[in-house]
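A.B. asks: coordinates only, sequence not included:
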């Protein structure tokens, strides 16, 4: 069977205030809308395709450039589309997954969660290990051999659920006219990127007495299901969206919450506002990078200096991983700073001293709590980097918001069912 040309009959229906109706198009679910595109222009184009075709186009374009997607769709599906048409269709599909900022939590809801979560088993285990006479041995053993836990395959008892919440930011290359006047990291103070904020939540189960479930390799076991959300909006809106995202994926049913992030102030503002009951930690690998940079500010003897520096850095790393921040800073204070780098060193040391309470890496490791935010770092790469940071790409905030929302929906699973069957999705754009 070859091509089929459909010529739908137009009906004028008085009961619909004289608006045109195309019953055949409705029956085959052919969508016809106007889509606006361009750098602030009002250029429009009417696009006609089924939602199924639109979903296929969006899937292809979410993974590669529009030009590459056009080639793939031509070769694999026989769809001959221009890159501009693909752009319009993908933009339209993505817009249906862009969420409005939710309302603030109901009065007293966070207080209720605080009362429920406070004093949970994980907190009790941390305090127990912290107050033990063998705390040093427990931390050393955990750092060398991993935490003491139970093999998941051998455990069939009750579990407690801990939700991990991890936010982070990453730059998106932007259009010059949207970045004009924005303070950035370029030598002249200008910006080449705007920030996308990504949030990740996932659940880790522990035994009823708070011990981690382990893989056969001795690593902490976690379900690989990770739920992403993202936006280019400001921190206040992102915080609300992250809170709602956590609620949608079981926040109010868990027994403990762990909040991990880097040292950015906006991240900890969100934690204090929406997750004040969470166990908190600054990502270990950010701290290791800062520690390494701090050691680079110190002087070492010219002869055998590299060997001395490496030994000193290894010592600092051991103290950092153990959570002995004050001991690490005391060790650094005894060294001579490079000339002219005194302010940089003071600033670096201030970062650690002001964040000591969020650097209990040894205790967390001994208790079987993750200390690294690698999941959200990977999320930034998966959601933003792999698609939106390729050579020559520049995004407007509007298009970036839709692409990020689309890629999060795809990674979270159920994208096709949602787009094809969930009629609660916004119907405000073209496909």
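C.D. replies: Alright, I've got the coordinates. This structure is a prediction, so every number in the text was calculated from the model and none was measured.
A.B. asks: Who are the packing partners of the helix or strand where residue 321 lies?
C.D. replies: Using DSSP states H and E, the element containing residue 321 is helix 305-322. Packing partners of helix 305-322 (3 or more CB pairs under 8 Å, 6 or more residues apart in numbering; DSSP states H and E): helix 135-145, helix 284-295, helix 325-333, helix 361-367. Glycine gets a C-beta too; all of them are placed from N, C-alpha and C.
A.B. asks: quick one: the longest one to chain centroid distance?
C.D. replies: Read that as helix 284-295. Remark: helix 284-295 is offset 21 Å from the chain centroid, using CA atoms, centre = their mean, to the nearest Å.
A.B. asks: what residues does it touch?
C.D. replies: 262-263, 309, 312-313, 316-317, 320-321, 328, 332, 345, 348-349, 351-352, 359, 361, 371-374, 377 (CB atoms under 8 Å, 6 or more residues apart in numbering).
A.B. asks: and that helix, what's its mean pLDDT?
C.D. replies: Averaged over helix 284-295, pLDDT sits at 95.
A.B. asks: Could you do the shortest one as well?
C.D. replies: Taken as a whole, helix 361-367 carries a mean pLDDT of 95.
A.B. asks: Mind listing what's buried along stretch 189-198?
C.D. replies: 191, 193-198 (16 or more other CB atoms under 10 Å).
A.B. asks: Touching it from outside, list them.
C.D. replies: By CB under 8 Å, 6+ apart, the surrounding residues in contact with stretch 189-198 are 167-174, 178-179, 182-186, 228-233, 235, 238, 376, 379-380, 383-384, 388, 397, 400, 404.
A.B. asks: Where helices are concerned, which of those residues count?
C.D. replies: 178-179, 235, 238, 376, 379-380, 388, 397, 400, 404 (DSSP state H).
A.B. asks: By mean pLDDT, which helix or strand of the protein comes out lowest?
C.D. replies: Within the chain, judged by mean pLDDT, DSSP states H and E, the helix or strand with the poorest mean is strand 30-36; its value is a mean of 50.
A.B. asks: ok, back up a step: adding distance to residue 282, write the buried residues of stretch 189-198 out as TSV.
C.D. replies: Output for those, formatted as TSV (distance: CB to CB, whole Å):
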residue	distance to residue 282
191	26
193	23
194	24
195	19
196	21
197	17
198	17
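A.B. asks: Could you export the residues you listed to JSON lines, including columns for pLDDT, secondary structure and distance to residue 212?
C.D. replies: Listed next are the buried residues of stretch 189-198 as JSON lines, based on pLDDT from 0 to 100; DSSP: H, G, I helix; E, B strand; the rest coil; distance: CB to CB, whole Å:
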{"residue": "191", "pLDDT": "86", "secondary structure": "coil", "distance to residue 212": "42"}
{"residue": "193", "pLDDT": "93", "secondary structure": "strand", "distance to residue 212": "38"}
{"residue": "194", "pLDDT": "93", "secondary structure": "strand", "distance to residue 212": "39"}
{"residue": "195", "pLDDT": "95", "secondary structure": "strand", "distance to residue 212": "34"}
{"residue": "196", "pLDDT": "96", "secondary structure": "strand", "distance to residue 212": "32"}
{"residue": "197", "pLDDT": "97", "secondary structure": "strand", "distance to residue 212": "29"}
{"residue": "198", "pLDDT": "97", "secondary structure": "strand", "distance to residue 212": "26"}
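A.B. asks: Looking at the residues you listed, which one is closest to residue 145?
C.D. replies: Nearest to residue 145 among the buried residues of stretch 189-198 is residue 198, at 33.0 Å by CB to CB.
A.B. asks: Just the buried ones from the contacts of helix 284-295?
C.D. replies: Buried by 16+ other CB under 10 Å: 262-263, 309, 312-313, 316-317, 320-321, 328, 332, 345, 348-349, 352, 359, 361, 371-373, 377, out of the contacts of helix 284-295.
A.B. asks: Residue 241 versus the nearest residue to residue 284 once chain neighbours are set aside, what's the distance?
C.D. replies: Nearest-residue entry for residue 284: residue 371, 4.4 Å, with adjacent residues in sequence omitted and distances by CB to CB, 6 or more residues apart in numbering. With the distance defined as CB to CB, to the nearest Å, residue 371 ends up 26 Å from residue 241.
A.B. asks: How about residue 289?
C.D. replies: Taking CB to CB as the measure, residue 289 falls 28 Å from residue 241.
A.B. asks: Between those two, tell me which one has more neighbours.
C.D. replies: Just comparing residue 289 and residue 241: by other CB atoms under 10 Å the higher neighbour count belongs to residue 241, 20 against 12.
A.B. asks: Following the chain onward from the strand or helix carrying that one, which element is next?
C.D. replies: Assigned by DSSP H and E, residue 241 belongs to helix 235-248. Per DSSP H and E, the first helix or strand lying C-terminal to helix 235-248 is strand 256-261.
A.B. asks: and the closest residue to residue 306 other than its chain neighbours, how many residues sit next to it?
C.D. replies: Nearest residue to residue 306, sequence neighbours excluded (CB to CB, 6+ apart): residue 300, at 7.7 Å. As a burial measure, residue 300 scores 18 neighbours (other CB under 10 Å).
A.B. asks: and the direction of the helix or strand containing residue 268 versus that of strand 256-261, what angle?
C.D. replies: Residue 268 is part of helix 265-274, with elements assigned from DSSP H and E. With axes from the mean of the first three to the mean of the last three CA atoms, to 10 degrees defining the directions, helix 265-274 sits at 160 degrees from strand 256-261.
A.B. asks: and helix 265-274, what other elements does it pack with?
C.D. replies: strand 159-173, helix 235-248, strand 256-261.
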